[in-house]
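# sequence first, predicted model second:
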Amino acid sequence: MNVQFRVEEYRKFGRCLVMENGVVEAYVTLDFGPRVIRFGFVGGQNLFFNDMDDVCTQSGPQFDEMFGPGEKWYIRGGHRIWTSPESMPASYYPDNAPVPYETTARGAVFTPAPQRVNEVAHTLAIEFTGEAALRVTNRVRNVAAQPQEYAAWALTVLAPGGVEIVPQPQEDTGLLANRVLAVWPYAAMDDDRVYWGRDFITLRQTADAAGPFKFGINNTRAWSAYLLGKDLFVKRMQFIPGAQYPDGGMSFETYRNEHFIEMESLSPIRPVLPQESVETVETWTLQKVDAGFDRRDPASVARFVRDNLGEEA
């Protein structure tokens, strides 16, 4: 596979390393982050959200006290690494410094400086594994002198206007529950943008969202998908049976507001010893589809999933 690399300025986001193989391309920021700020077919639409107007930022007295006067966190968009559980302001570390990187035969490894307050070091490794497929490793190393408990958390912020599909667990557990669902306080379960289907949950992103919405699930089937126009983005992840996951057992979480939708994978949560790392590894694929689906029709969703992902209900 012939992967090409170049550095170029992208929109308002400064220098980016561009990796492409003639079919798909990924842009990763070098002046901050890192963020995978663009992913799509070469010359096609960007599946990832770009915050061109800085509408999603965090700052204030808490930030001044923890990180220094005037420090701000910017979502910017795209894909990023965090640690779970989420906290304010620690999760929103102002990752605004340049990002060192090295290219490999089929990708690149990005190693921003350790976070001086949180005492963790992130590594983002991207490798082309197919014509329209990437392996994305999200690693978090403990650089503190003492153990810390956390999970690696990989958040992919997608462009507005699409529909997400999240599979529900199918294990036959008899008289015991087979799924764990978490819903955040600001999420109304009767929001008409979400459909709680038998086999799949669908979530639509619209600009007229009345407020944010977030849920998590023990995603034992280890994938989620997002259809934007005729481009289908599929995110496959790891699931370890019997492992303890954050937020009460969530291996996958998704968040939607009026600007974007996020697909989030998590590693198990555990004590991490000094210089030890935890990680979540994802596979991203992109494909063209001929037709969509009716998100409120379980049979339509199941047919779309079977025909395009090779997954049965």
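Thanks, I have it.

# okay, CA-based contacts and neighbour counts for the rest of this
Noted.

# and for residue 152, the neighbour number?
25 (other CA atoms under 10 Å).

# that one pairs with what?
Beta-bridge pairing of residue 152 under DSSP bridges involves residue 83.

# look up how far residue 243 lies from it.
To residue 243, residue 152 is 14 Å away according to CA to CA, to the nearest Å.

# overlap in contacts, these two.
residue 268 (CA atoms under 8 Å, 6 or more residues apart in numbering).

# how about residue 299, what does it touch?
Contacts of residue 299 (CA under 8 Å, 6+ apart): none.

# check the secondary structure at it for me.
With DSSP: H, G, I helix; E, B strand; the rest coil as the basis, residue 299 sits in helix.

# show residues contacting stretch 247-260.
49, 85, 157-160, 180-182, 205-219, 239, 245, 261-268.

# inside strands: which ones of those residues?
157-158, 181-182, 213-217, 261-266 (DSSP state E).

# which parts of this protein are helices?
Using DSSP state H, the helices found in the chain span residues 61-67, 246-249, 298-309.

# for the ones you listed, give me a markdown table that also has distance to residue 7 and mean pLDDT.
As requested, the helices of the chain are exported to a markdown table (distance: least, CA to CA, whole Å; pLDDT from 0 to 100):
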| stretch | distance to residue 7 | mean pLDDT |
| --- | --- | --- |
| helix 61-67 | 30 | 96 |
| helix 246-249 | 37 | 98 |
| helix 298-309 | 33 | 97 |
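
# can you give me the offset of stretch 215-226 from its chain's centre?
Centroid separation for stretch 215-226 versus its chain: 12 Å, with CA atoms, centre = their mean, to the nearest Å.

# endpoints of it, how far apart?
End-to-end distance for stretch 215-226, by CA to CA: 16 Å.

# returning to that earlier point: got a ChimeraX select line for the buried ones in the ones in strands among the contacts of stretch 247-260?
In ChimeraX syntax, the buried subset of the ones in strands among the contacts of stretch 247-260 is picked out as below (16 or more other CA atoms under 10 Å):
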select :157,158,213,214,215,216,217,261,262,263,264,265,266
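
# from the ones in strands among the contacts of stretch 247-260, which two are the most distant?
158 and 181 (22.2 Å; CA to CA).

# tell me the one of the ones in strands among the contacts of stretch 247-260 nearest residue 229?
In terms of CA to CA, no member of those lies closer to residue 229 than residue 158, at 12.8 Å.

# please name the nearest non-neighbouring residue to that closest one.
residue 48 (4.2 Å; CA to CA, 6 or more residues apart in numbering).

# let me know whether the one you found touches residue 78 as I believe.
Yes. Assessed by CA atoms under 8 Å, residue 48 is found in contact with residue 78 at 5.1 Å.

# list residues touching both of those two?
Contacts common to residue 48 and residue 78, judged by CA under 8 Å, 6+ apart, are 37, 38, 156, 157, 158.

# show the model's pLDDT score for the third one.
This means residue 156. If you check residue 156, the pLDDT there is 98.

# how about the second one?
What the model reports for residue 38 is a pLDDT of 98.

# make sure it is actually in contact with residue 51.
No. Using CA under 8 Å, residue 38 is not in contact with residue 51; the gap is 11.7 Å.

# which one of these two is surrounded by more residues?
Legend: neighbour count by other CA under 10 Å for residue 38 and residue 51, higher for residue 38 (25 against 20).

# neighbour-wise, which of residue 48 and residue 78 wins?
Neighbours per residue, other CA under 10 Å: of residue 48 and residue 78, the larger number sits with residue 78, 26 against 23.
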